[in-house]
Structure formats: C-alpha cells, structure tokens
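Quick one: sequence and predicted model below, then my questions.
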Amino acid sequence: MSLNNNLLTVISRQYVYKFKANASGVFSLIVTQVLALLFSLIGIQSMSSGSSTLTVNVKYYSADVIITFTFIWIFFMALRLTSIQNKTMDFTLVTNRLSSNLSNMGLLLTTVIFGSISSSLMSFVLKIIMYYDFDRSQIAIRGFYPVFSDILLGIITTGLYMTLIAAMGYLLGILVQIHVLFIVLYPSALFGLARVNPQALKRMFDFFATETSPLIFMIKIVFSSIVLLFLSCLFSNRMEVRK
C-alpha cells in the first residue's frame, strides 16, 4: 500500500484515530489504580515489638502497589495495540507498517506520560487518606510531605520504567502475531534462564535498578527501549499483509 500523503501527516492522523479508539484504556487505568489504592490501604508490612509494660506496633504503607499495577497495565496496553482488532483497523486507513508502528509508539508514549503522572497523583491520594483517617500523631513525618524535586524525579523514573515495559510488551505482541507459540516461549525463556543461570536475571535487573546516575539511568532505559521497538518494527515488516 502506498502513501500519497506526507508520512508525518499520516502518522498524526493515525495517532488521533487510535487515541480516540483506545480512549477506554484511560478508564481502565483509573480503575486499575483505584483498585491498587485500596490494596495499598491494607499496608505492605507490619511489625511489633514491646515488653511487659510497652508495646509498639509499626505498619508500613507504600504507593509501590499502585506503581506495580500501572506497570502491569501499560504492558497489556502495549499488547492490545498489536492485537488482530487493531491491525484490522489499520486497513481502514492509508497506512503501511512504518506509519502504523510509529503511531502506535506515539500512543504508547502518551499513555506512559499519563500513567506516570496519575500514579504519582494516586500516591498523594493515599497520603491524604492516611492523614485524615489515621491519628496524625502516629504518622512518621519524615518523607510524608511531598517535595517538588522528589515528585518530578518520581514521575520521570516511573515514566522511564513504563517506557521499557511498554517496549517489551509491544515486542511480545508482534512476536505473538507472527506465531502464537511465542506467548508461551516468551515467559518460558525467562523461567528457563532463571533456573539455569539465576544470576543473569539479577544482573539484568541490577543493570537498571542499581544505577545511581540519573543521566546514565535515562540513557540505559531509552537505548534499551529503542532497541526493543526497532526489533518490533523489523519483525512486523516480515509479517504477512493481513497480520
């Protein structure tokens, strides 16, 4: 299929069309994060210590559950963009593999931005609920009140991780469209690697998680995401026309 229009124009039109078609994804994100908020209110850890005259109970609350649920959501959102329904929708537009993939990536980037900001906002909701629902004298003040630099760093870090996870999900979606067996091979390869060489997965995790330099961390995430998305484009070009 040839493109008579400018590529950038075609991509922007596809992006707008797909954004409207996948608007329900925003609602699903809100539902997911509200559900994660309810789980966060239960608390992630508790401990108690005391003597015959005094007992101290400590309960930890964290927004990590909200962020984890958001990561899961963006992974399945990336899978959704490679589904048969979305591929079929492309044939109603003037498109080719390149413009289709680039418009999908633009939509994923939009959802990453929205998801990273909303997950940070949900962490504030958790703190507000705790502030008004619990005895304030029992809340540890240190780190409770937000600092703008910490907020910004949290949004950027969450967004970068979401970008990497979205790229992984998009690649898996493309591979599954090539052959459905990849939906089994993908996790099996990770499970097999964990059994054969457990340190390999740990090194892969530490490669991102233990980086102390924000700039190098960003470079690692962006470069890895670009490689995964490039592989997605490369593999999609080898697919049949109607796949």
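Ah, there it is.

Name the residues of stretch 121-136 that are buried.
122-123, 126-127, 130 (16 or more other Cβ atoms under 10 Å). All C-beta atoms are positioned from the backbone trio N, CA, C, and that covers glycine.

do the same with stretch 165-183
165-177, 182.

So of the buried residues of stretch 121-136, which two are at opposite extremes in space?
122 and 130 (12.8 Å; Cβ to Cβ).

which residues are contacting stretch 152-169?
Stretch 152-169 is contacted from outside by 67, 70-71, 74-79, 108-109, 111-113, 115-117, 119-120, 123, 208, 214, 217-218, 221-222, 224-225, 228-229, 232, using Cβ atoms under 8 Å, 6 or more residues apart in numbering.

I only care about those residues that end up buried; give me the PyMOL line for that.
Selection of the buried residues among the contacts of stretch 152-169 in PyMOL, burial being defined by 16+ other Cβ under 10 Å:
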select buried, resi 67+70+71+74+75+77+78+79+108+111+112+115+116+119+120+123+217+221+224+225+228+229+232
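
what about this protein, any weak spots by pLDDT?
1-5, 43-60, 84-95, 134-146, 186, 190, 193-194, 198, 201, 238-243 (pLDDT under 70).

mind listing the helices for it?
Secondary structure of the chain (DSSP state H): helices at 7-21, 24-40, 64-81, 84-90, 97-133, 148-178, 182-196, 198-209, 214-236.

Tell me the helices and strands packed up against the fifth one.
What it means is helix 97-133. Counting contacts by 3 or more Cβ pairs under 8 Å, 6 or more residues apart in numbering; DSSP states H and E, helix 97-133 packs against helix 7-21, helix 24-40, helix 64-81, helix 148-178, helix 214-236.

again, 10 Å this time
Packing partners of helix 97-133 (3 or more Cβ pairs under 10 Å, 6 or more residues apart in numbering; DSSP states H and E): helix 7-21, helix 24-40, helix 64-81, helix 84-90, helix 148-178, helix 214-236.

Switch these over to a markdown table; also include distance to residue 103.
A markdown table is the format used below for the helices and strands packed on helix 97-133 (distance: least, Cβ to Cβ, whole Å):
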| stretch | distance to residue 103 |
| --- | --- |
| helix 7-21 | 4 |
| helix 24-40 | 15 |
| helix 64-81 | 9 |
| helix 84-90 | 9 |
| helix 148-178 | 12 |
| helix 214-236 | 12 |
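
do you know which of these lies nearest residue 100?
Across those, closest to residue 100 is helix 84-90 (Cβ to Cβ), at 5.0 Å.

quick one on the thing from earlier: farthest-apart pair in the buried residues of stretch 165-183, please.
165 and 177 (19.0 Å).

tell me, what's touching residue 122 and residue 130 both at once?
residue 40 (Cβ atoms under 10 Å, 6 or more residues apart in numbering).

nearest residue to residue 104 other than its sequence neighbours?
residue 81 (4.7 Å; Cβ to Cβ, 6 or more residues apart in numbering).

Next up, the contacts around the one you found.
Neighbours of residue 81 in contact, by Cβ under 10 Å, 6+ apart: 18, 22, 25, 87, 100-101, 103-105, 107-108, 111, 166, 169-170, 173-174.
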